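1. Structure here, sequence nowhere to be found:
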């Protein structure tokens, strides 16, 4: 019995989503009074750091393809679960995690709960909470399978530094070669990936057109925030589709969500209402979004946003 | 070519989410059900476009009760040729995957589509489960696809960008926004859908390994604090010192 956590490294490096998953796995292992083992695939250059985030052992399977191949990744992770005798497997609810979780659940005959947002509750068997209906509700699951699989929603568990850098132990495993051929990769330049972003500035129809986006970009820049938008904005192609947050777009949970010129339709709120702090800027005092906000500003966004940007810069300059 | 599109039914995106008095079941009363938008707008429509280009047939598969036949007829009206409904209110994503795998096995579909996720539990698990059950490659979050001579080139969303993957059929993909444009069924499609075959098959037994014991709704937020639009310094101060988010 132990807790195994897959620490993903999509660009050759474990990042925040992996650290969150490892910190979460450590807390879960502590609850179950068992060992926490982190697993990496490929050759991430910072696997040994996972010890700092709570792993007591770090294992690596080097011979997987660099690109995501769900069949091979799942085979490798399932092999590690069997080798370590893990009874709990934790993944990130990320593009990578979601592409392989279903395969693993089948391979391991494991119960699988996705989008988990809190530690397991073990007073009464093994129960865990998961975000449902795009953030409009929480579902509590009881898990009874021998192997239990959870995928952790990003930004729902605090990264904790609790240990030391560890040596990485290599697991030898025979794996097939990938039949997928990657012909091109297009990275989003410089941008913080939206699901991982701690600060998000989002714009709606109130901007009247893509040519007016600069003031939002300036604010995002001042805050080092990611940018997002409402569905009509993405549908009108003012902004790229991957920025669309809401029930039919991306569901996010940043520390701060600043919604500018977005009225707050129920589908949009579904994608963001788990954010820790919501600021709404809208010229219509009756906009439904104000009911879901922590701070509201009623005013013309073309007027308010540049002033907010200046205030942020001023604050940052005086507080380092 | 032979294509299969998996469709599920979801509470309408505008539906009020509530639960039974004991908080153990979703309250279906008065809730309008729709086809999961990712299944309809992107997966099904892309399959129809592929059929227009390459010929062949489209089957839709749904796991659900006869209450959802209107959703299946809509899929037929949009352009699927036939439907299979597995007669069961599914217990979870694994149940859905096993039932669909059972329908698809030995049928030699070239491409099997799912939406990228359902809009109720957002687990995004069925496509990968199906891939494992049928031993097929699975390309998740596809937002563009071209196809010629049995080989596809699919753009998929990965961490921090897009990646183009070339692979031969058969395979499974999950459809993301951008793969196709939503289509509204026309009158001719709706009339034709009534005559297309909708076959009902009985489910296979599936064990349930995680079950929902309780629902809760997030506590309402405290009333919004209004800030003077002339005083953005005050807002920044509050975000930094009160909310501690910047």
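-> Thanks, I have it. Remember, predicted model here, so these are calculated numbers, not experimental data. Numbering: from 1, shown residues only, chains lettered A, B, ... in the order given.

2. average pLDDT across stretch A:197-208?
-> Stretch A:197-208 shows a mean pLDDT of 96.

3. Could you do stretch A:23-31 as well?
-> 98.

4. How about residues contacting that stretch?
-> If you take Cβ atoms under 8 Å, 6 or more residues apart in numbering or on different chains as the criterion, stretch A:23-31 is touched by A:2-5, A:35-36, A:38, A:53-56, A:88, A:90, A:119-120, A:122, A:152, A:157-160, A:162-163. Quick note: C-beta positions are derived from backbone N, CA and C, even for glycine.

5. One more: stretch A:296-311?
-> A:206-207, A:212, A:215-216, A:218-219, A:222, A:260-261, A:279-285, A:290, B:224-227, B:229, B:232-233, B:235-236.

6. Show the buried residues in these.
-> Buried residues within the contacts of stretch A:296-311, counting neighbours by 16 or more other Cβ atoms under 10 Å in any protein chain shown: A:206-207, A:212, A:215-216, A:218-219, A:222, A:260-261, A:279-283, A:290, B:224, B:227, B:229, B:232-233, B:235-236.

7. and those residues, which of them are in helices?
-> A:215, A:216, A:218, A:219, A:222, B:232, B:233, B:235, B:236 (DSSP state H).

8. ranges for the helices of the stretch 201-320 of chain A?
-> Secondary structure of the stretch 201-320 of chain A by DSSP state H, counting those that start in this stretch: the helices cover A:214-223, A:231-235, A:266-272, A:301-318.

9. for residue A:17, what are its contacts?
-> Each residue near residue A:17 by Cβ under 8 Å, 6+ apart is listed here: A:8, A:92, A:94, A:154, A:196.

10. What number of residues are in the vicinity of the last one?
-> By the criterion of other Cβ atoms under 10 Å in any protein chain shown, residue A:196 has 19 neighbours.

11. Surely it touches residue A:156?
-> No. Counting by Cβ atoms under 8 Å, residue A:156 is not a contact partner of residue A:196; they are 11.7 Å apart.

12. Which residues are in contact with each of the two?
-> Looking at what touches both residue A:196 and residue A:156 (by Cβ under 8 Å, 6+ apart), there is no common residue.

13. Let me know whether the longest helix anywhere in chain B sits next to chain A.
-> Taking DSSP H as the criterion, chain B has its longest helix at helix B:93-104. Yes. With Cβ under 8 Å from any Cβ of the partner chain as the criterion, chain A is reached by helix B:93-104 at B:93, B:94, B:97.

14. can you pick the most crowded of the residues you listed?
-> residue B:97 (28 neighbours).

15. That one and residue B:133: what is the separation?
-> Distance from residue B:97 to residue B:133, counting by Cβ to Cβ, to the nearest Å: 6 Å.

16. ok, now residue A:320?
-> 55 Å.

17. lowest average confidence, helix or strand, in chain A?
-> helix A:266-272 (a mean of 91; mean pLDDT, DSSP states H and E).

18. quick one: contacts of that one?
-> Against helix A:266-272 from outside (Cβ under 8 Å, 6+ apart): A:133-136, A:202, A:230-231, A:245-252, A:257, A:259, A:262, A:278, A:288-289, A:292, B:13-14.

19. what distance separates that helix from the middle of the whole chain?
-> 17 Å (Cα atoms, centre = their mean, to the nearest Å).

20. where are the low-confidence patches of chain A?
-> A:189-191 (pLDDT under 70).

21. Show me it divided up by domain.
-> Using automatic domain parsing, the domain parsing of chain A gives A:2-170, A:194-318.

22. who wins for proximity to residue B:112 among those?
-> domain A:2-170 (13.3 Å; Cβ to Cβ).

23. The closest one: end-to-end distance?
-> One end of domain A:2-170 to the other measures 18 Å (Cα to Cα, to the nearest Å).

24. overlap in contacts of residue B:97 and residue B:133?
-> With Cβ under 8 Å, 6+ apart, residue B:97 and residue B:133 have common neighbours residue A:106.

25. Name the nearest residue to residue B:113, ignoring sequence neighbours.
-> Sequence neighbours aside, residue B:43 is the residue nearest to residue B:113 in space, at 3.8 Å (criterion: Cβ to Cβ, 6 or more residues apart in numbering or on different chains).

26. In a helix, that neighbour, correct?
-> Yes. Residue B:43: assigned to a helix according to DSSP: H, G, I helix; E, B strand; the rest coil.

27. Surely it is in contact with residue B:115?
-> Yes. If you go by Cβ under 8 Å, residue B:43 and residue B:115 touch, sitting 5.4 Å apart.

28. Looking at these two, which is more packed in?
-> A side-by-side neighbour count of residue B:43 and residue B:115, using other Cβ under 10 Å, places residue B:43 first with 33 against 29.

29. From chain A, how far out is the more buried one?
-> Applying Cβ to the nearest Cβ, to the nearest Å, the value for residue B:43 to chain A is 13 Å.

30. Now for that residue: which residues touch it?
-> With contacts defined as Cβ under 8 Å, 6+ apart, the neighbours of residue B:43 are B:5, B:6, B:7, B:113, B:114, B:115, B:174, B:175, B:179.

31. nearest to chain A, of these?
-> Closest approach to chain A among these (Cβ to the nearest Cβ): residue B:174, at 8.4 Å.

32. any idea how far that closest one lies from residue B:75?
-> Counting by Cβ to Cβ - residue B:174 and residue B:75 are separated by 17 Å.

33. Mind checking which of those two has more residues around it?
-> Neighbours were counted for residue B:174 and for residue B:75 using other Cβ under 10 Å; residue B:174 has more, 32 against 28.

34. The more buried one should be in a helix, yeah?
-> No. In this structure, residue B:174 is strand, not part of a helix, as judged by three-state DSSP.

35. quick one: the nearest residue to it once chain neighbours are set aside and residue B:62, what's the gap?
-> In this structure, residue B:174 finds its nearest non-sequential neighbour in residue B:127, 4.2 Å apart by Cβ to Cβ, 6+ apart. Residue B:127 is 15 Å from residue B:62, where distance means Cβ to Cβ.

36. who has more neighbours, the two?
-> A count of neighbours by other Cβ under 10 Å puts residue B:127 above the other of residue B:127 and residue B:62, at 32 against 28.

37. For chain B, which segments are assigned as strands?
-> Secondary structure of chain B (DSSP state E): strands located at B:2-6, B:9-11, B:33-35, B:57-64, B:82-87, B:111-115, B:138-148, B:151-158, B:161-168, B:171-175, B:198-201, B:210-216, B:225-226.

38. Can I get these in a markdown table including distance to residue B:101 and mean pLDDT?
-> A markdown table is the format used below for the strands of chain B (distance: least, Cβ to Cβ, whole Å; pLDDT from 0 to 100):
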| stretch | distance to residue B:101 | mean pLDDT |
| --- | --- | --- |
| strand B:2-6 | 10 | 98 |
| strand B:9-11 | 19 | 96 |
| strand B:33-35 | 21 | 97 |
| strand B:57-64 | 10 | 98 |
| strand B:82-87 | 11 | 98 |
| strand B:111-115 | 10 | 98 |
| strand B:138-148 | 12 | 97 |
| strand B:151-158 | 21 | 96 |
| strand B:161-168 | 20 | 96 |
| strand B:171-175 | 10 | 98 |
| strand B:198-201 | 13 | 98 |
| strand B:210-216 | 19 | 95 |
| strand B:225-226 | 52 | 96 |
